[in-house]
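**Student:** give me coordinates for this.
(chains A and B)
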There are 2 protein chains.
Amino acid sequence: MTGDRTPAHPNSAAQHRRYARILRVAARLGARHGLERMQMHDVARESGVAIATLYRYFPSKTHLFAAVMRAQVLRLAADTPPPAPGTGPVDAVTDLLTGASRQLFEQPRLALAMMQANNAALAVGGGPSRGTDEILADLVLRTAGVTDPGERDRRVVRILEQAWYGLLTTVLYERSSPEAAQDGIRLACRLLLGPVLEDSRA
Amino acid sequence: MTGDRTPAHPNSAAQHRRYARILRVAARLGARHGLERMQMHDVARESGVAIATLYRYFPSKTHLFAAVMRAQVLRLAADTPPPAPGTGPVDAVTDLLTGASRQLFEQPRLALAMMQANNAALAVGGGPSRGTDEILADLVLRTAGVTDPGERDRRVVRILEQAWYGLLTTVLYERSSPEAAQDGIRLACRLLLGPVLEDSRA
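**Tutor:** Numbering: from 1, shown residues only, chains lettered A, B, ... in the order given. Just a heads-up that it's a prediction; the model follows:
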């Protein structure tokens, strides 16, 4: 379980299906057991792949759950429709993040596993973590209707992302209630995005 | 190393000195080895206490490093002078947080150990985590010159705290540079605190 091997990437259609199956099984087992207690052997068995194959794609649980998070953020991006007409940009982003939070709170062990892995992914070598943060930032900007984001827009969205992760974490570690965190997310969206969106429309 | 024992608290002056000595040793060894590799036996030996005594105060490394963090935040609060005359409240908080960040980046393993422990402290049962976040929030409010904070002030400072932890974490896990994180902290202070401080002066 050393973290310094370079993960393999799926190429053929069959490999892609197998890779996706592994991620689905990991999400299901992670939701039940969390990062620490979930066993890589169980993921391999329930995915119908050899343990060596599993480790070739995911040299550690950190790699595996960072990839689960990336897949979930990609699905969120794919599933998020354009804001309804008449929805302001701050409200649209607020709806996006509070909705995603609600889903995460329904599977708190999986949510914590993904966030711990996403944090540590780059440290263990070449995880997809940077990609995940950027996919989410692009989704937030698109949801806010910012079509040509400048450097400052990206910096602000990065802060919002960090505040969101932090508020989620306080709930997942039972340091605050989901309601208090959702209130915080709404306020963070308003305070952080309000001025940016005014500027970018000026 | 189960986390569900209730930690003892120091009472006598001798116990307080011993407790403080343990925290100093833990900070030194944590800075060298990080949370995972630091050994409780080494902390006991270098503090000159029996291992059973160490575990009575700190049933796990999480309890120990959450207490180290609490002690450092208390020291930061004690060492922070009132803002220099002519310093605006946003600048004063920015100086506080970027200064604290700079100190944390000098000992990245210790910083990460403290933040991981502070996150998990309540989950392992009765850690001082909630206290630490509140001590820091009070320090931020005091530094901003908010003498009678309302509920909204506290919520905003909580978001700033979470954004700060998040930005620190990206550096400690080598996902961004210290400079980028410090820029983010400055921007977060301005965007989050600016409107609040205007309101509280209106």
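**Student:** near chain B, which residues of chain A show up?
**Tutor:** Within chain A, the positions near chain B by CB under 8 Å from any CB of the partner chain are A:119-120, A:122-123, A:129-130, A:133, A:155-156, A:158-159, A:161-163, A:165-167, A:169-170, A:173-175, A:183-184, A:187-188, A:191-192, A:195. (Each C-beta comes from the backbone N, C-alpha and C, glycine too.)
**Student:** among these, name the buried ones.
**Tutor:** Among these, those scoring as buried are A:119-120, A:122, A:129, A:133, A:155-156, A:158-159, A:161-163, A:165-167, A:169-170, A:173, A:175, A:183-184, A:187-188, A:191-192 (criterion: 16 or more other CB atoms under 10 Å in any protein chain shown).
**Student:** out of the residues you listed, which are inside helices?
**Tutor:** Using DSSP state H, the members of those that fall in helices are A:119-120, A:129, A:133, A:155-156, A:158-159, A:161-163, A:165-167, A:169-170, A:183-184, A:187-188, A:191-192.
**Student:** does anything pack onto the helix or strand that contains residue A:27? Which helices or strands?
**Tutor:** Using DSSP states H and E, the element containing residue A:27 is helix A:13-37. Judged by 3 or more CB pairs under 8 Å, 6 or more residues apart in numbering or on different chains; DSSP states H and E, helix A:13-37 is in contact with helix A:40-47, helix A:51-57, helix A:61-79, helix A:108-120.
**Student:** that helix to helix A:61-79, inter-axis angle?
**Tutor:** If you take axes from the mean of the first three to the mean of the last three CA atoms, to 10 degrees, helix A:13-37 sits at 120 degrees to helix A:61-79.
**Student:** how far does helix A:13-37 sit from the chain's center?
**Tutor:** The chain centroid and the centroid of helix A:13-37 are separated by 15 Å under CA atoms, centre = their mean, to the nearest Å.
**Student:** in contact with residue A:176, which residues?
**Tutor:** Contacts for residue A:176 were tallied using CB atoms under 8 Å, 6 or more residues apart in numbering or on different chains; they are A:167, A:170.
**Student:** roughly how far does it sit from residue A:27?
**Tutor:** Residue A:176 is 25 Å from residue A:27, where distance means CB to CB, to the nearest Å.
**Student:** buried sites along the helix or strand of chain A with the lowest mean pLDDT?
**Tutor:** One helix or strand of chain A scores below all others by mean pLDDT, DSSP states H and E: helix A:178-201, with a mean of 84. Neighbour counts over helix A:178-201 (16+ other CB under 10 Å) mark A:178, A:181-189, A:191-193, A:196-197, A:200 as buried.
**Student:** packing partners for it?
**Tutor:** Contact partners of helix A:178-201 among helices and strands, from 3+ CB pairs under 8 Å, 6+ apart: helix A:89-106, helix A:151-172, helix B:151-172, helix B:178-201.
**Student:** how far off helix B:178-201 does the third one point, in degrees?
**Tutor:** It stands for helix B:151-172. 180 degrees.
**Student:** so which elements touch helix B:151-172?
**Tutor:** On a contact count with 3+ CB pairs under 8 Å, 6+ apart, helix B:151-172 meets helix A:151-172, helix A:178-201, helix B:89-106, helix B:108-120, helix B:129-143, helix B:178-201.
**Student:** same deal with the shortest one?
**Tutor:** For helix A:89-106, the packing partners by 3+ CB pairs under 8 Å, 6+ apart come out as helix A:108-120, helix A:129-143, helix A:151-172, helix A:178-201.
**Student:** flag every buried residue along that helix.
**Tutor:** For helix A:89-106, using 16+ other CB under 10 Å, the buried residues are A:89-98, A:100-101, A:104.
**Student:** could you dump those into JSON lines with pLDDT added?
**Tutor:** As requested, the buried residues of helix A:89-106 are exported to JSON lines (pLDDT from 0 to 100):
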{"residue": "A:89", "pLDDT": "90"}
{"residue": "A:90", "pLDDT": "94"}
{"residue": "A:91", "pLDDT": "94"}
{"residue": "A:92", "pLDDT": "94"}
{"residue": "A:93", "pLDDT": "96"}
{"residue": "A:94", "pLDDT": "96"}
{"residue": "A:95", "pLDDT": "95"}
{"residue": "A:96", "pLDDT": "96"}
{"residue": "A:97", "pLDDT": "97"}
{"residue": "A:98", "pLDDT": "97"}
{"residue": "A:100", "pLDDT": "96"}
{"residue": "A:101", "pLDDT": "97"}
{"residue": "A:104", "pLDDT": "96"}
